[in-house]
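*Asks:* starting from these lines, generate the structure:
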Amino acid sequence: MDGRERVTRAIEFASPDRLPTKHILLPGAILHYGDALAALLARYPDDFAPTGYVEPSEYGDRIGVPQPDAWGARWVRESDEHKGLVVEHPLAAWESLDSYQFPDPLVAGDWSRVADTLERAESGRYVLVDGDTLFQRMFYLRGFEELMLDLAEDRPEARYLRDRIVEFMLRKIERWLDFPVDGFQFRDDWGTQQSLMIAPDRWRSFYKPAYRRLFGAVRSAEKHVFFHSDGQIRAIIPDLIEIGAQVLNPQVGVVGHDFLAREYRGRVCFVGDVDRQLILPFGSTDEVVAYARREIASLGTPQGGYIGAGELAGDVPLANAEAMLREFATWTFEPRALDKPER
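*Replies:* Numbering: from 1, shown residues only. Here you go, the predicted model:
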């Protein structure tokens, strides 16, 4: 069974031969560990293919220097461990909206390597592409506090901005469909550690229709919909599933293993999130294994529903990374110790 079939079967609860694995790396891990990390990842291959697409983003190539993304927001980052912060918002004043030039998705990023990369990629891996971000794009352009006030006041400019960003994302989806892709990942960090960033009813009235359009475009093309969101997002998980999300990548430890298992195990596929706040960087290898086992057993089923993943940053010891990847590679749904680390 190749990676594409393995991931597809996990998403569709059609009994993959083993857990699929997805590598999630921050630049700091690559720079910190170099060849040693590359060798480790080669021992535990990724079931997902690289795409070759590049777009100016929050991960600029120079530290401490303001750099624009494709939308004109200027970012500064202070280390290779983290993405930057926006220091200039193009739409900080709504008066700028009339003259603002929205980017064209066909030229905002570099598509020139996509066809060759996908052709040269290891045969049979699942092609997951970036569907982009909506909520985050709005506050990158407008500023977070300003956007929160706009939503509270139901400003028409905010609705216009939302719709233009959605149009960009839909055109980007159309372009990706010219290539042999399998799924689209949309990404918006909606939660704090305690709750959603806006009232759930406001999310449903303002953002849910936009996500419905995006997810619908992907599902109509018979591709899979992935959605990533950090923080406490319990309130909107039913809505995401209702409008077409098939794979969720939440911050499992924040949302709650037991809650997710009770409400959604067997209903939606999860991309794993072995705790990156405490366990992966600071835990022992035994704690990493115990946490991974608990997460897999809580969220996965023998028929599928779980894709092994945990974000690797420069502060994650290689021994912990290997313990996690080894557990994904060797897991079988049989009785075993599920002792959870106390954190």
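
*Asks:* name the element Pro238 belongs to?
*Replies:* Secondary structure assigned from DSSP states H and E places Pro238 in helix 237-242.

*Asks:* right, I mislabeled it, should have said Leu325
*Replies:* Here Leu325 is assigned to helix 318-330, by DSSP H and E.

*Asks:* can you pull the buried residues of that helix?
*Replies:* Using 16 or more other CB atoms under 10 Å as the test for burial, helix 318-330 gives Asn320, Ala321, Glu322, Ala323, Met324, Leu325, Arg326, Glu327, Phe328. In short, each C-beta sits where N, CA and C put it, glycine included.

*Asks:* which of those lies closest to Asp230?
*Replies:* The closest of the buried residues of helix 318-330 to Asp230 turns out to be Met324 (CB to CB; 18.5 Å).

*Asks:* let me see the backbone angles for Arg77.
*Replies:* Main-chain dihedrals, Arg77, degrees, to the nearest 10: phi -120, psi 150.

*Asks:* list the contacts of it.
*Replies:* If you count contacts by CB atoms under 8 Å, 6 or more residues apart in numbering, Arg77 has them with Glu58, Tyr59, Gly60, Ile63, Gly64, Lys83, Gly84, Leu85.

*Asks:* gap between the third one and Ala115?
*Replies:* From Gly60 over to Ala115 the distance is 26 Å, taken as CB to CB, to the nearest Å.

*Asks:* these two: who's more crowded?
*Replies:* Comparing Gly60 with Ala115 by other CB atoms under 10 Å, the one with more neighbours is Gly60, at 19 against 13.

*Asks:* isn't that one up against Ala73?
*Replies:* No. Counting by CB atoms under 8 Å, Gly60 stays clear of Ala73, with 11.2 Å between them.

*Asks:* Phe179 in helix, strand or coil?
*Replies:* In three-state terms, and counting by DSSP: H, G, I helix; E, B strand; the rest coil, Phe179 is coil.

*Asks:* ok, now how distant is it from Asp104?
*Replies:* As for Phe179, its distance to Asp104 is 18 Å (criterion: CB to CB).

*Asks:* and for Ala92?
*Replies:* Taking CB to CB, one finds Ala92 at 23 Å from Asp104.

*Asks:* and if you look at Ala10?
*Replies:* Ala10 is 35 Å from Asp104, by CB to CB.

*Asks:* and Ser229, by the same measure?
*Replies:* 27 Å.

*Asks:* more neighbours: the two, which one.
*Replies:* Ser229 (22 against 11).

*Asks:* all strands of the chain, in order?
*Replies:* Counting by DSSP state E, the chain has strands at residues 24-25, 67-68, 74-76, 85-88, 128-132, 183-187, 224-229, 247-250, 269-271, 306-307, 311-312.

*Asks:* please state the offset of the third one from the chain centre?
*Replies:* When you say that, I think you mean strand 74-76. 21 Å (CA atoms, centre = their mean, to the nearest Å).

*Asks:* now do the first one
*Replies:* Relative to its chain's centre, strand 24-25 lies at 10 Å (CA atoms, centre = their mean).

*Asks:* same check on stretch 1-11?
*Replies:* Here the centre of stretch 1-11 is set off from its chain's centre by 19 Å, with CA atoms, centre = their mean.

*Asks:* quick check: buried residues in it?
*Replies:* Gly3, Arg4, Glu5, Arg6, Val7, Thr8, Arg9, Ala10, Ile11.

*Asks:* need the contact list for the third one.
*Replies:* Looking back up the chat, that one is Glu5. Pro16, Gly124.

*Asks:* quick one, longest helix in this protein?
*Replies:* The longest helix of the chain (DSSP state H) is helix 156-176.

*Asks:* for it, which helices and strands make contact with it?
*Replies:* On a contact count with 3 or more CB pairs under 8 Å, 6 or more residues apart in numbering; DSSP states H and E, helix 156-176 meets helix 105-108, strand 128-132, helix 135-142, helix 144-153, strand 183-187, helix 200-206, helix 208-220.

*Asks:* give me the contact list for the longest one.
*Replies:* Contacting residues not belonging to helix 208-220 are listed as 131, 134, 162-163, 166, 169-170, 173-174, 183-184, 186, 224-225, 236, 239-240, 243-245 [CB under 8 Å, 6+ apart].

*Asks:* and these, which are buried?
*Replies:* The neighbour count (16+ other CB under 10 Å) marks 131, 134, 162, 166, 169-170, 173, 183-184, 186, 224-225, 236, 239-240, 243-245 as buried among these.

*Asks:* output the below-cut-off pLDDT ranges for the chain.
*Replies:* 122, 334-343 (pLDDT under 70).

*Asks:* just want the most central residue of it.
*Replies:* The C-alpha lying nearest the average C-alpha coordinate of the chain belongs to His228 (CA atoms, centre = their mean; 3.9 Å).

*Asks:* tell me which residue lies farthest from the centre of the chain.
*Replies:* Distance from the C-alpha centroid of the chain peaks at Glu95, with 32.8 Å (CA atoms, centre = their mean).

*Asks:* Arg171 contacts Phe102, doesn't it?
*Replies:* No. Judged on CB under 8 Å, Arg171 makes no contact with Phe102 at a distance of 10.6 Å.

*Asks:* grab the nearest non-local neighbour of Glu174.
*Replies:* Ranked by CB to CB, 6 or more residues apart in numbering and with sequence neighbours excluded, the top spatial neighbour of Glu174 is Ala217, at 7.9 Å.
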